[in-house]
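K.L.:
With the sequence up front, the predicted model follows.
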Amino acid sequence: MLKELHKKLVEGETTSEKLTEEYLLKIENADKNIGAYLTITKELAIAQAKKIDEKIKSGKTIGILEGIPGAIKDNICIEGVRTTAASKILDNYNAPYDATVIKKLKEAGSVFLGKTNLDEFAMGSSTENSAYGVTKNPHDLGRVSGGSSGGSAAAVAADLAVWALGSDTGGSIRQPASFCGVVGLKPTYGRVSRYGLLAMASSLDQIGPITKTVEDAAIILSVISGMDKQDATSAHSSEKAYEKYLTGGVDDLKIGIVKEHIESLNGEMRKSLEKTIEKYKKLGADIIEIELPYSHYALPVYYIIQPCEVSSNLARFDGIKYGLCFNDNKDGEIKDNELPKKLLETYLDSRQYGFGSEVKRRIMLGTYALSAGYYDAYYKRAQKVRTLIRKDFEKAFSRVDLILTPTTPEPAFKIGDKTADPLNMYLADIFTITANIIGVPAISVPSEVIEFEKTKLPFGFQLLGKWFDEETVLRGAHNYEINK
Ligand code: GLN
């Protein structure tokens, strides 16, 4: 997709401005029904596109991403652009600087169409926790697009953007990608700078691409990855052109599978995963059964560590430093002759009215788990189990190159189906969360469309790789995609 559009631009078959206008028009017509975007950055997009067209006209060569319009999840800062994290508390907040990934994308000449919807502060699996409404699944408007990067996944799936960025703390790139039938890659923790990503759970968060093809994901990763001094956890890994590592087949690869994963799936989903495994066998990969006994605890470990980090990260939203301030007249302004509320009341009201219920639930859980007397029982123990899970994977990766799992237990669920039951919602991430707990790269690739609840819906599978081995993850995924 990216390569084809690049060719069209270079050969003068279209211009970046025309392409951008086409996408903006499509958004205007179709996004009323889907709700993928929170903000459209039309002026910025056209200005970026014009600059690239001038470059092409003057005979200069352009990079592969130059002039091609994409979308950015609304928890990533673009200087001067409204950045809400889908929360009321940041309703009219304009980012004062560019995230490192945005800086890199600007340098690569990409065009930003707008900011996409998400669950508030990226907490959720359906975008139903957004303060600005749910993003509907383009394959069935009665279903969710997944979350938290549901807006980005739906935008790419409905062709309202060529590519998009998401963030993934427990599955937020891969789960919506799977629900919407597109590709989603969570890179190794530390591969992509988190500077300018609104922090949710800092030891788990990672930015990554959502695209139509694996090759496109590789291209975007090449642009956004790399060491960044602004992010203390950014890794000193060498920068690569990942798209160069896609070819070469998979017959040298050992792929691990876990029997319980397959057995846990029902009907069509199970058939689909078995077909994918057969496909890899046919392509020459060695399929090896492995065991990951501690991964069973990944979900409970996540729901201790994640809320703890949330409670600490979200302490900064107090109505004073950022965004909405609920003082006397509740609209963020103190009238001339009015005395402002007491400081504590302003904090409390701003947080009470500014945050939605899921965010408050996590803050409360995290504050409780971190409090004196409970820290050892919850947080410390969760960190110990985290190490055990990591050891499981180290052992497995001494035998295999990749691990193949479902991305989700089921395809996209209906809007409203899980909102009353947070635990049921949390289970949507059962297969994706482990990659964040231990920091390895993982990709969701669409397999075939399956019949579920009498509806044809996309379903995906996931490949996990060794730490900093995105090359093999992408190669494994690409070879499936082109032989599907
Ligand atoms: N659904 C998970 C949660 O609610 C993961 C979210 C994410 O990856 N940002 O926390």
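P.N.:
Done, it's in.

K.L.:
secondary structure element for the residue lying closest to residue 150 once chain neighbours are set aside?
P.N.:
Spatial nearest neighbour of residue 150, excluding adjacent residues (CB to CB, 6 or more residues apart in numbering): residue 127 at 3.6 Å. Any C-beta I mention is one placed from the backbone N, CA and C, and that applies to glycine too. Residue 127 is part of no helix or strand, with elements assigned from DSSP states H and E.

K.L.:
Isn't residue 127 up against residue 135?
P.N.:
Yes. With contact defined as CB atoms under 8 Å, residue 127 counts as touching residue 135 (4.4 Å).

K.L.:
quick one: which of those two has more around it?
P.N.:
residue 135 (35 against 32; other CB atoms under 10 Å).

K.L.:
What pLDDT does the model give that one?
P.N.:
Per-residue confidence (pLDDT) for residue 135: 98.

K.L.:
check contacts around it.
P.N.:
34, 35, 36, 116, 117, 127, 144, 145, 150, 151, 154 (CB atoms under 8 Å, 6 or more residues apart in numbering).

K.L.:
Please point out which parts of the helix ranked longest in the chain sit buried.
P.N.:
Counting residues, the longest helix found in the chain (DSSP state H) is helix 16-34. For helix 16-34, the buried set under the neighbour-count rule, 16 or more other CB atoms under 10 Å, comprises 16, 17, 19, 20, 21, 23, 24, 27, 31, 34.

K.L.:
so which of those residues comes closest to the ligand?
P.N.:
The closest of those to the ligand turns out to be residue 34 (CB to the nearest ligand atom; 20.2 Å).

K.L.:
Confirm for me that that closest one is in contact with residue 158.
P.N.:
Yes. Between residue 34 and residue 158 there is a contact under CB under 8 Å: 5.7 Å.

K.L.:
what do these two both touch?
P.N.:
Joint contacts of residue 34 and residue 158 (CB under 8 Å, 6+ apart) are residue 138.

K.L.:
Where does pLDDT dip in the chain?
P.N.:
327-341 (pLDDT under 70).

K.L.:
Point out the residues in it that sit beside the ligand.
P.N.:
Counting by CB under 6 Å from any ligand atom, the residues of the chain close to the ligand are 122, 123, 124, 125, 148, 168, 169, 170, 171, 172, 306, 429.

K.L.:
Any chance of TSV for those residues, columns secondary structure and neighbour count?
P.N.:
Shown next, in TSV, are these (DSSP: H, G, I helix; E, B strand; the rest coil; neighbours: other CB atoms under 10 Å):
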residue	secondary structure	neighbour count
122	helix	29
123	coil	28
124	coil	29
125	coil	28
148	coil	35
168	coil	29
169	coil	27
170	coil	31
171	coil	32
172	coil	35
306	helix	26
429	helix	27
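
K.L.:
The closest residue in space to residue 105 that isn't next to it in sequence: how many residues sit nearby?
P.N.:
Spatially, and ignoring its direct neighbours in sequence, residue 105 is nearest to residue 223 (6.2 Å; CB to CB, 6+ apart). When neighbours are counted by other CB under 10 Å, residue 223 registers 22.

K.L.:
Check the one 5 residues further on too.
P.N.:
Residue 228 has 21 neighbouring residues, counting by other CB under 10 Å.

K.L.:
what do you get for residue 312?
P.N.:
Using other CB under 10 Å, the number of residues around residue 312 comes to 16.

K.L.:
cool, and the one 3 residues further on?
P.N.:
Counted with other CB under 10 Å, the neighbours of residue 315 add up to 12.

K.L.:
Am I right that it is in a strand?
P.N.:
No. Counting by DSSP: H, G, I helix; E, B strand; the rest coil, residue 315 is located in no strand; its state is helix.

K.L.:
separation between it and residue 324?
P.N.:
16 Å (CB to CB, to the nearest Å).

K.L.:
Can you tell me the element residue 272 falls in?
P.N.:
Per DSSP H and E: helix 267-282 holds residue 272.

K.L.:
Which elements pack onto that helix?
P.N.:
Packing partners of helix 267-282 (3 or more CB pairs under 8 Å, 6 or more residues apart in numbering; DSSP states H and E): helix 259-263, strand 286-289, strand 402-406, strand 450-452, strand 460-465, helix 470-482.

K.L.:
and if we set it to 6 Å?
P.N.:
strand 450-452 (3 or more CB pairs under 6 Å, 6 or more residues apart in numbering; DSSP states H and E).

K.L.:
can you tell me which residues contact the residue nearest to residue 105?
P.N.:
Residues near residue 223 by CB atoms under 6 Å, 6 or more residues apart in numbering: 65, 104, 108.

K.L.:
swap in residue 113?
P.N.:
23, 45, 69, 71, 161.

K.L.:
what's the distance between it and residue 3?
P.N.:
On the measure of CB to CB, residue 113 and residue 3 end up 20 Å apart.

K.L.:
so residue 417 sits in a strand?
P.N.:
No. Counting by three-state DSSP, residue 417 is not part of a strand but coil.

K.L.:
Near it, how many residues? Count them for me, please.
P.N.:
Residue 417, neighbours per other CB under 10 Å, totals 16.

K.L.:
quick one: it from residue 28, how far?
P.N.:
30 Å.

K.L.:
Show me the helices in the stretch 251-400 of the chain, by range?
P.N.:
Per DSSP state H, counting those that start in this stretch, the stretch 251-400 of the chain carries helices over the ranges 259-263, 267-282, 298-313, 343-354, 357-370, 381-397.

K.L.:
Please work out the angle formed by the directions of the longest one and helix 298-313.
P.N.:
Pointing back at helix 381-397 there. Interaxial angle, helix 381-397 versus helix 298-313 (axes from the mean of the first three to the mean of the last three CA atoms, to 10 degrees): 130 degrees.

K.L.:
send the alpha carbons of helix 381-397 over as PDB?
P.N.:
The C-alpha trace of helix 381-397 is given here as PDB (Å, rounded to 0.1, in the frame of the first residue of the first chain):
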ATOM      1  CA  ARG A 381       4.500  -9.800  44.600                       C
ATOM      2  CA  ALA A 382       3.200  -8.900  41.100                       C
ATOM      3  CA  GLN A 383       6.700  -7.800  40.200                       C
ATOM      4  CA  LYS A 384       8.100 -11.100  41.400                       C
ATOM      5  CA  VAL A 385       5.500 -13.100  39.300                       C
ATOM      6  CA  ARG A 386       6.400 -10.800  36.400                       C
ATOM      7  CA  THR A 387      10.000 -12.100  36.600                       C
ATOM      8  CA  LEU A 388       8.700 -15.700  36.600                       C
ATOM      9  CA  ILE A 389       6.700 -15.000  33.500                       C
ATOM     10  CA  ARG A 390       9.800 -13.600  31.900                       C
ATOM     11  CA  LYS A 391      11.700 -16.700  32.800                       C
ATOM     12  CA  ASP A 392       9.100 -18.900  31.200                       C
ATOM     13  CA  PHE A 393       9.500 -17.000  27.900                       C
ATOM     14  CA  GLU A 394      13.300 -17.000  28.200                       C
ATOM     15  CA  LYS A 395      13.100 -20.800  28.400                       C
ATOM     16  CA  ALA A 396      10.700 -21.000  25.500                       C
ATOM     17  CA  PHE A 397      12.700 -18.700  23.300                       C
END
